[in-house]
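J.: Let's see this in three dimensions:
(one chain, ligands or ions: 1)
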Amino acid sequence: EQVLDQDFHMEEVINWPGVNLKLGQVSGLALDANNNLVIFHRGDHIWDANSFDNTFVYQQRGIGPIEENTILVVNPNSSAILKSIGKNLFFLPHGLSMDKDGNYWVTDVALHQVFKLGPQGNELLTLGKAFQPGSDRKHFCQPTDVAVDPITGNFYVSDGYCNSRIVQFSPNGMFIMQWGEETSANMGPGQLQIPHSLTLAPEHSQICVADRENGRIQCFHSETGRFIKEIKHKEFGRELFAVSYADGLLYAVNGKSYFGDSPPVQGFVMNFSSGEIIDTFTPVRKSFNMPHDLVASEDGTVYVGDAHADTVWKFTPSERAEHRSV
Ligand SMILES: O=C(N[C@@H](O)C(=O)O)c1ccccc1
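T.: Next up, the predicted model:
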């Protein structure tokens, strides 16, 4: 008797996007309400070891903001650029999210600020003080990501490379609360070492964080900040860069190992509730260099953006049918 055992596996959509999107370092990805891919990139600006002094002040203000459009909206099938906005606003783009009203929420690690931009790129909200790192209610320190709760409209900021906290704001930017340790000395629950990426799982009332230098994911109750769970696997290796939740699955990408290729830099598909790894995936052509963000859609399509390969890859779940005789 032939048993058809459908086996879930993510596979790269080869030759996508098939056009040159002229990307710089890709820092953030999101999907809009029409499932178009939104890309946040750095144009001709580079984050390297000389970008900041030891007090986290950006050193390259003199070169001015990025003159190219830093936010591109791309049709996921035709790869046509449907919209490009965000020129002359940013110095070092980092996180990107969309809300259900089509607004763009972004962070800039050089400006130490968080922005809400309207559908045409008009600034609707600005938090933090330009170029001024800090850790109080009105300053961030290299904020990494932002996520907007579709039910309450509250938004969360992961702050940041030089802070170790998650901050919750009301829809109009009033500070509500924060959690995480100012200096996370160790790896206890709620301790964060570069909270690098955020994703909401609204139907579970949870917000999950890529706790990058702890090489793990931490999930918290989105209304109280209470620690709920940690997801950590040896396959993650040293660093876990980004997380994205969709339809009961949690997707992630890790960082390169210090030495050699073990564990490899790769994408992960996990069951949100159990935390178990269902699948891992890597590109077929170019390999991941610094996969920096990823975004997953309800239909299982996943995009990975790389801040060193200046590339976005597209993956879709394939039903790899295995025929076994029993
Ligand atoms: O992590 C770093 N960068 C990436 O996350 C990024 O480019 O967002 C970095 C750290 C130290 C020096 C230079 C870059």
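
J.: burial measure for the closest residue to the ligand within the stretch 51-200 of the chain, as a count.
T.: Residue nearest to the ligand within the stretch 51-200 of the chain: H94 (5.8 Å; C-beta to the nearest ligand atom). C-beta: built from backbone N, CA, C; applies to glycine. The number of residues packed near H94 is 31, by other C-beta atoms under 10 Å.

J.: what about it, which helix or strand?
T.: strand 93-98 (DSSP states H and E).

J.: List, one by one, the residues from this structure near the ligand.
T.: Q25, S27, W47, D48, A49, H94, H292, A307 (C-beta under 6 Å from any ligand atom).

J.: hmm, which of the residues you listed are the buried ones?
T.: Neighbour counting by 16 or more other C-beta atoms under 10 Å classes Q25, S27, W47, H94, H292, A307 among the residues of the chain next to the ligand as buried.

J.: In helices, which of those appear?
T.: Judged by DSSP state H, the subset of these located in helices is empty.

J.: Mind putting these into CSV with pLDDT and distance to W179?
T.: CSV is the format used below for these (pLDDT from 0 to 100; distance: C-beta to C-beta, whole Å):
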residue, pLDDT, distance to W179
Q25, 98, 30
S27, 98, 24
W47, 98, 27
H94, 98, 21
H292, 98, 24
A307, 98, 27
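
J.: Closest one of the residues you listed to L250?
T.: For these, the minimum distance to L250 (C-beta to C-beta) is 17.5 Å, reached by H292.

J.: residues contacting the closest one?
T.: Shown in contact with H292 (C-beta atoms under 8 Å, 6 or more residues apart in numbering): Q25, V26, S27, G28, F241, A242, V253, G305, D306, A307.

J.: hmm, which of these are the buried ones?
T.: Q25, V26, S27, G28, F241, A242, V253, G305, D306, A307.

J.: In the stretch 1-150 of the chain, which residue sits nearest the ligand?
T.: Taking C-beta to the nearest ligand atom, the stretch 1-150 of the chain has W47 as its residue nearest the ligand, at 4.0 Å.

J.: do the stretch 201-326 of the chain as well
T.: Counting by C-beta to the nearest ligand atom, the stretch 201-326 of the chain gets nearest the ligand through A307, at 4.3 Å.

J.: can you pull up the bridge partners for the closest residue to Y104 other than its chain neighbours?
T.: In space, and not counting its chain neighbours, Y104 is closest to L117: 4.3 Å by C-beta to C-beta, 6 or more residues apart in numbering. When assigned by DSSP bridges, L117 has beta-bridge partners Y104, E123.

J.: pretty sure L117 is in contact with G102, am I right?
T.: No - in this structure, L117 is not within contact of G102 by C-beta atoms under 8 Å, at 10.1 Å.

J.: where does this protein have its least confident helix or strand?
T.: strand 2-12 (a mean of 68; mean pLDDT, DSSP states H and E).

J.: P65 and P202, how far apart?
T.: Using C-beta to C-beta, to the nearest Å, we find P65 at a distance of 34 Å from P202.

J.: quick one, which of the two is more surrounded?
T.: P65 (19 against 13).

J.: could you list every residue that touches that one?
T.: Applying C-beta under 8 Å, 6+ apart, the residues near P65 are K87, N88, L89, F90, F91.
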